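Asks: Have a look; sequence and predicted model below, questions after that.
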Amino acid sequence: MESCCQLWPWALFVLLASLRLLGAQHDCSRGACYPPRGDLLLGRVQHLRASSTCGLTKPETYCTPHGEWNMRCCRCDSRLPHSHNGHRVENVLSSAGRSRWWQSQSGMERVYLQLDLDEKFQLDGIMLDFRSPLPTAMLIERSTDFGKTWEVYQYLASDCAAAFPHVPRGSPESWGDARCQALQAQHGYPAHGGKVKFSVQDLASTITTSYSQAVSRLGQFTNLRINFTQLPHVLRQGYHSPSTFYAVTEMQVLGSCFCNGHADRCAPSGDPHAMQVHGHCECQHNTAGPHCERCAALYNARPWAPAEDNDPHECQRCNCNGHSTSCHFDPEVFRSSGGVSGGVCDNCQHNTAGNNCERCQTNYFRNQRQDLTHPEACLPCECDPDGTVPGSICDPLSGRCVCKENVQGERCHLCKPGFAQLAHANPMGCRRCSCNVLGTRQDMPCDDETGQCSCLPNVVGAECDQCAAEHWDMASGRGCRPCDCHPGGSLSTHCNQFTGQCSCREGFAGRTCSAAQQEQACPDRHYGNARVGCTECNCDFQGTEGVGCDKSTGRCLCRPGVTGPRCDQCQRDHCSTYPSCEPCHPCFHAYDGDIQRLRLRLHQSALSNSSVLLLPGGTGGSHLGPRLAQAEGTAQQAQGILGRSPGTEQGLAQAGSALAAIREQMQGINPNFQLLDVTASLSSELKALNSSLVIINNQYQSKKTQFETSRSTDLSGAFQTIRSAYQTSANASGLVAGAAALLARSRENRRNAAALEGAAGAHSTKLLALRAEVASSPNLTPAANKICGGFRVEKCTPAQCQGLLCPRDNGTACGAGLSCRGAFPRSAGALGTATKASRELGGLSARLRDTAQLIKTTETSANQIQSNVRRLVEQMSVTRTQIEGDVRRIQQFIQQVRNFLSDKDTDPATIQEISEFVLSLRLPTDAAAVLRKMTEIQNLATKLQCPESILAQTAEDIAKAKRLQQEAEQARNRANAVEGDVEEVVGYLRRANTVLLEAQGAIRGSSSSLRFIQERVEEIEAVLGPAERNAQAVAEELAALREGLRQLQQAEGQNRLRASDAQRAAAAAGEKAGRAQQSFQQVKQMYAELKSRMEQSPALGGQGSRVQSIGQEAKDLFEETSAMMLRMAALETEIQESNRALLSKSARLSGLQERVGRIRDAISKRVAYYDSCS
């Protein structure tokens, strides 16, 4: 039956579509690519359904035209799936063949075929091959959302105007424009056949030339429906009306997996052989998903898009610097980057953060020694929470933490110098050390953990605030130095801690009491009359000579480069800061001359301006003169205050140290005495004053620099400089005025310290008496003898004790069987015994662990062997059942062979073929080998006996071993718990050792039994394995022989029929041969007569030649008949020999049956024997 559509347009369309498809399936790197198409129905018949099928519930009869006037009626019964007259919908598959088809119920107008897929596919075309006449009207629909909504592809009708009056005809002009196409047969209304073909590319050809657009807009579908809306028109046959129905011989849905143009292959998601077209795509262009509907995990730098013919729209990789395995697309990031990249990395690893994992997370910093892509590119800051400001974050580049005020270090884990005891609760981090600055080391005033002050040499006290005994001069800042009191001229070795003055005897003078009375003089850094009293020099000793000042007048003796009443200033030609006062550069003198001349000119200009301003009618302000005079007076006053400073730094330090010492002595005398600390704020005030002085010095240096760089004649600038200097001087005056009160308080504290020092002398005498008393008592010798067990005689006191307290040769040694005395020797002996017991306990613990492991291993072996024995019994039982079944089947087969061979109608050739096949059989082993295997199994069974008793004995040994192990552990625990007699401990340990040895012996015996069982079981398995395989091989050979016998029986039946026909033909041929023989004899006689006549009358002519020809033909016929008779005789002989060979082989087959029976009986006996041990 020809197609309803024209052949030439369809062929042209197929050619164009193929060329376009080949162009679309080019290399995926240049644009869109698509997988090859196939039949989507193959392997998915369960997804195809029909709304109507004939004979599905009960048989139906339908009639079709047969010839010009006749009808042919057939039966449709589709109740069974594979019925020969069933017409279910699965028959439309191309693999079902042309002899099967789907057919609807007769007379039902609206019928549909629907394909429901479980995922999205790409449709290329549909082909329907009808067995019935073509429908009058039909339409094709698709769904892309699994049947929720439907869209019409195309309407088809023989008369579009009548069938679909509201649907336009022609080619579609836009997407979704469904049109009606003509559906006509070429030759009227044919009774059978006709094809309908639909192509998506043909449907889109009038809309676009882009294959990718056609696939994207029309190709994808999840459900497909073929709606038949009007039955075919069939002509009446005389007075009869034929049945009308839809019948389809073959239906093909051509397509592939839907991949959005990003794949050229489909990957199987389940059984790779069940379907011709698989549903998942092997995605390219860095895409992913079943349909390549998204970018791969790390390729979302640009938005995903389906591929086009000349643009693959390849997904771009995100730049995550190797710290992430996925990213997502962010439109805002894409717009902000100017359309370069919108990828945002997901779950940045290795402590990184940011859209590209380009920076470190909070509290992590960049490791500059590694590349950004390295896993260790970011390291933790490791800030100490105790020293870090709460809520702060470290520097992401350097990792430096934000420390509290009194904390330092990159991790904020160290206290600053002078601070200690870092604590989380302290908002400042560390507390200030209460150490005396004069008595502590400047590089490390105190320990940052404990707060313990680090004292200078010969400085003592918790706060390093006093000199050690017989030392003084803590104010030097280098530690205290010895008093060096003269032993003959001083009353004691002690001296004043601040002045170093020793207590002199009558007639001696000087600081160390080393000078006679008439030669008495004031010490260095003091002046005046030694007899009346020496006064400390009012000098800065950093800038003086060694003696400090003139001993008569007190004038400070400045060292070179230093000047001032107190030697606390650098000279004019020394440019460094005090106290270094280094000589200035040689160019200083040249600049100094310029400065002096400028100063002179400035002075003259100031006098000139003053006179002008004071003239009558002048425009200047006369008020500047008094202000300048006031400024000059204020500056002179400040200079006087600074020049008459009543105290020095050393003096203040000495006063503070003395006051601290007095306070400590008062606290020792009367702990309840409350002292009023009038210098609590002195330190902070001095620090504030020091800061102010630093600021003033900086301002001075700045002004000095400005003055030196402004050596011009601009008098207004010079005047501005003078005003600035006046303001600075006024500020300094205020600061100096405040310092006077501090100095007054310091002098008061010094007087208090002197009073307390006098009271401390009396207490010192009492302390010396107490020290002498302690040096003579108590006597510690009796106590030492009791402790050491010795016989010391010399007196031993806390102040003096000669030699070691417990000498090694002055005591009794403790050993085995020896008594000892003294706490120390006894403890040493007890320690040795305890060490020995500890070693014994350690060894016992190790042996306990070994025993426990041995018990566990034995239990595991016993369980495994028991499992192997059970498995062996089960295997033997199964083997016995198989062998019995094989024997029964062999007996049945032998009986069939006997019956077949005893049949008188059996062809000899067939008998010979069976005999040769039976003789060609080769058993895997002979009866002797089987008997040898049975003997081996029996010997093994005799050795093995019943394993259950051995396993039971093994279980008892394991239980006994566990019990003995528990006893050993209890003994060890008792030994650990005993704190008294060591011998009892050793006894427990020995008993535990004995118990462990018994347990190990029992376990070793059980292990030997279990190994014996395991070896026997393995030997049995080694014997039974080949026997079982041999039995299976015999069964396979017999099965092949049975199949060959069945085929021969079928062939023998056919040969029997042919033999009957041949026998009848042979009988007829024999009769014909007999008649021919008779005729031949008659002809031969007639030939003899003719020959004689010819001899008599040689002129017979043509009749003679004819007679000769007939004679020759008769002769040939005779020879042919003789040859046939000879062949029949040979065949009869061959059949007789075959019968004899068949009888011989039948006898051998009977012998084989007997041998198989004996093998079966032997195996059955062995199986029954082993069953008795289970």
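Replies: Perfect, I can see it now.

Asks: Can you name the residues in contact with stretch 344-357?
Replies: 318-321, 323-324, 326-330, 333, 343, 358-362, 364, 375-380 (CB atoms under 8 Å, 6 or more residues apart in numbering). Bear in mind the C-beta positions are built from the backbone N, C-alpha and C, glycine included.

Asks: Which of these fall in helices?
Replies: residue 333 (DSSP state H).

Asks: counting contacts, what elements does the lengthiest strand in the chain pack onto?
Replies: Counting by DSSP state E, the longest strand found in the chain is strand 111-130. If you count contacts as 3 or more CB pairs under 8 Å, 6 or more residues apart in numbering; DSSP states H and E, strand 111-130 packs onto strand 48-50, strand 195-199, helix 200-204, strand 220-230, strand 247-257.

Asks: Find the residue closest to residue 224 in space, skipping its chain neighbours.
Replies: Among residues not flanking residue 224 along the chain, residue 115 sits closest, at 4.5 Å (CB to CB, 6 or more residues apart in numbering).

Asks: thought the one you found was touching residue 46?
Replies: No - assessed by CB atoms under 8 Å, residue 115 is found out of contact with residue 46, at 10.6 Å.

Asks: check contacts around the closest residue to residue 54 other than its chain neighbours.
Replies: In this structure, residue 54 finds its nearest non-sequential neighbour in residue 76, 4.0 Å apart by CB to CB, 6+ apart. Contacts for residue 76 (CB under 8 Å, 6+ apart) come out as 54, 55, 59, 60, 61, 62, 85, 86, 87, 103.

Asks: now do 6 Å
Replies: 54, 55, 60, 87 (CB atoms under 6 Å, 6 or more residues apart in numbering).

Asks: Is the last one located within a helix, as I assumed?
Replies: No - in this structure, residue 87 is coil, not part of a helix, as judged by DSSP: H, G, I helix; E, B strand; the rest coil.

Asks: What is the neighbour count of the closest residue to it other than its chain neighbours?
Replies: Taking CB to CB, 6+ apart, and ignoring the residues beside it in sequence, residue 87 has residue 103 as its nearest neighbour in space, at 3.9 Å. If you count neighbours by other CB atoms under 10 Å, residue 103 ends up with 28.

Asks: With neighbour numbers in mind, choose between residue 115 and residue 46.
Replies: More crowded of residue 115 and residue 46, by other CB under 10 Å: residue 115, with 22 against 8.

Asks: Give the bridge partners for that one, please.
Replies: Beta-bridge partners recorded for residue 115 (DSSP bridges): residue 48, residue 224.

Asks: CA atoms only for the helix or strand harbouring residue 162, dumped as CSV, please.
Replies: Using DSSP states H and E, residue 162 maps to helix 160-163. Taking Å, rounded to 0.1, in the frame of the first residue of the first chain, the C-alpha atoms of helix 160-163 are listed here in CSV:
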residue,chain,number,x,y,z
CYS,A,160,-9.6,19.7,6.5
ALA,A,161,-12.5,22.0,6.0
ALA,A,162,-15.0,19.3,7.0
ALA,A,163,-13.0,17.7,9.8
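
Asks: And the contacts of that helix?
Replies: Where contact means CB under 6 Å, 6+ apart, the residues beyond helix 160-163 that reach it are 137, 157, 169, 180.

Asks: Write the ChimeraX selection for whichever of those residues are buried.
Replies: Selection of the buried residues among these in ChimeraX, burial being defined by 16 or more other CB atoms under 10 Å:
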select :137,157,180
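
Asks: now for the contacts of helix 160-163, which pair is the farthest apart?
Replies: Taking CB to CB, the two most distant members of the contacts of helix 160-163 are 137 and 169; they sit 13.1 Å apart.

Asks: does residue 178 really touch residue 151, like I thought?
Replies: No - with contact defined as CB atoms under 6 Å, residue 178 does not reach residue 151; the gap is 7.9 Å.

Asks: who has more neighbours, these two?
Replies: residue 178 (17 against 12).

Asks: so what's the more buried one up against?
Replies: Counting by CB under 6 Å, 6+ apart, residue 178 touches residue 152.

Asks: Recalculate using a threshold of 7 Å.
Replies: Shown in contact with residue 178 (CB atoms under 7 Å, 6 or more residues apart in numbering): 152, 153, 154, 155, 167, 172.

Asks: any idea how far residue 367 is from residue 426?
Replies: For residue 426, the distance to residue 367 (CB to CB, to the nearest Å) stands at 32 Å.

Asks: meant to ask about residue 226
Replies: Residue 226 sits 67 Å away from residue 367, going by CB to CB.

Asks: Of these two, which one has the most company?
Replies: More crowded of residue 226 and residue 367, by other CB under 10 Å: residue 226, with 24 against 16.

Asks: OK, contacts around the more buried one?
Replies: Taking CB under 7 Å, 6+ apart, one finds 112, 113, 138, 140 in contact with residue 226.

Asks: Now distance to residue 856 and pLDDT too, for those residues, in a markdown table please.
Replies: As requested, the contacts of residue 226 are exported to a markdown table (distance: CB to CB, whole Å; pLDDT from 0 to 100):
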| residue | distance to residue 856 | pLDDT |
| --- | --- | --- |
| 112 | 71 | 96 |
| 113 | 69 | 96 |
| 138 | 78 | 95 |
| 140 | 74 | 95 |
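
Asks: Looking at these, spot the one nearest residue 304.
Replies: After measuring the contacts of residue 226 against residue 304 - CB to CB - the closest member comes out as residue 140, at 30.6 Å.

Asks: so what's that closest one closest to, chain neighbours aside?
Replies: Nearest one to residue 140, counting by CB to CB, 6+ apart, is residue 153 at 4.3 Å.

Asks: Surely the one you found forms part of a strand?
Replies: Yes - counting by three-state DSSP, residue 153 is located in a strand.

Asks: roughly how far apart are the closest residue in space to residue 363 that isn't next to it in sequence and residue 823?
Replies: Closest residue in space to residue 363, ignoring its immediate chain neighbours: residue 381 at 5.0 Å, by CB to CB, 6+ apart. Separation of residue 381 from residue 823 (CB to CB) stands at 56 Å.

Asks: So between the two, which is more surrounded?
Replies: Higher neighbour count among residue 381 and residue 823: residue 381, with 22 against 12, using other CB under 10 Å.

Asks: Need the phi and psi values for the more buried one.
Replies: Dihedral pair for residue 381: phi -70, psi -30, per degrees, to the nearest 10.

Asks: picking that back up, could the contacts of residue 178 be laid out in a markdown table, adding neighbour count and distance to residue 550?
Replies: Converted to a markdown table, these look like this (neighbours: other CB atoms under 10 Å; distance: CB to CB, whole Å):
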| residue | neighbour count | distance to residue 550 |
| --- | --- | --- |
| 152 | 16 | 127 |
| 153 | 20 | 126 |
| 154 | 20 | 130 |
| 155 | 22 | 133 |
| 167 | 16 | 133 |
| 172 | 18 | 126 |
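
Asks: Now for those: which two are most distant?
Replies: Longest span within those, CB to CB: 153 and 167, 12.3 Å.

Asks: correct me, but residue 567 touches residue 558?
Replies: Yes - with contact defined as CB atoms under 7 Å, residue 567 counts as touching residue 558 (3.9 Å).

Asks: Name the residues contacting each of these two.
Replies: 543, 544.

Asks: what ranges of the stretch 701-850 of the chain fall below the confidence cut-off?
Replies: Across the stretch 701-850 of the chain, the ranges flagged by pLDDT under 70 are 702-726, 732-742, 755, 757-777, 790-794, 798-800, 802-821.

Asks: picking up where we left off before, which ones among the contacts of helix 160-163 lie within strands?
Replies: 137, 157, 180.

Asks: so what pLDDT did the last one get?
Replies: Model confidence at residue 180, given as pLDDT, is 93.

Asks: now the second one
Replies: Per-residue confidence (pLDDT) for residue 157: 93.

Asks: for the first one, same thing?
Replies: In this model, residue 137 is scored at 94, pLDDT.

Asks: repeat for residue 97
Replies: 79.

Asks: Run a quick neighbour tally on it.
Replies: Counted with other CB under 10 Å, the neighbours of residue 97 add up to 11.
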